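Structure for the following, please:
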Amino acid sequence: LTHESGESKGMAFVDVDSPEALAQALALHHSVLDGRPITVERSVGGKDKAKRSERINELRGKQKTALEERLRAVLDEFREKGVLTDGIMDDSNEKVMLQLNANGASTILTAFSKLPEDDRSA
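Model prediction:
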């Protein structure tokens, strides 16, 4: 979408063809594009603001749950690989990671895995 001047409004609506494409798009929620954080959410049309707001909150809850499940899967994968060992990822660290999207968490954990083992507990 653009302003009358032609300048981008910084938002867009995207149609996807499959549930898989939708999941991939939603997985980008709270990621960074061209140095700017982005929000990716399902659109909810309609003129009834109360119903629309309720539906948006419902979808945000589902999206948050799905992202948390994906992030936990990423954390489990890194635990299985031995990158995350006991004492490295405590509850508070995991809560911080849950604030990220799974892509961001995976990037951080990949970088972490490249650290020398002595530096991982610092």
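
Which pLDDT value does the model give residue 32?
We have a pLDDT of 85 for residue 32.

Mind telling me what element residue 60 is part of?
Counting by DSSP states H and E, the element that carries residue 60 is helix 49-80.

So which elements touch that helix?
helix 19-26, helix 91-99, helix 102-113 (3 or more CB pairs under 8 Å, 6 or more residues apart in numbering; DSSP states H and E). All C-beta atoms are positioned from the backbone trio N, CA, C, and that covers glycine.

How far off centre is that helix?
8 Å (CA atoms, centre = their mean, to the nearest Å).

quick one: average confidence on that helix?
Here the average pLDDT along helix 49-80 is 83.

What angle do helix 19-26 and that helix make with each other?
90 degrees (axes from the mean of the first three to the mean of the last three CA atoms, to 10 degrees).

In helix 49-80, which residues are buried?
63, 67, 70, 71, 74, 75, 78 (16 or more other CB atoms under 10 Å).

In a markdown table: those, plus distance to residue 40.
Shown next, in a markdown table, are the buried residues of helix 49-80 (distance: CB to CB, whole Å):
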| residue | distance to residue 40 |
| --- | --- |
| 63 | 9 |
| 67 | 10 |
| 70 | 14 |
| 71 | 15 |
| 74 | 18 |
| 75 | 21 |
| 78 | 24 |
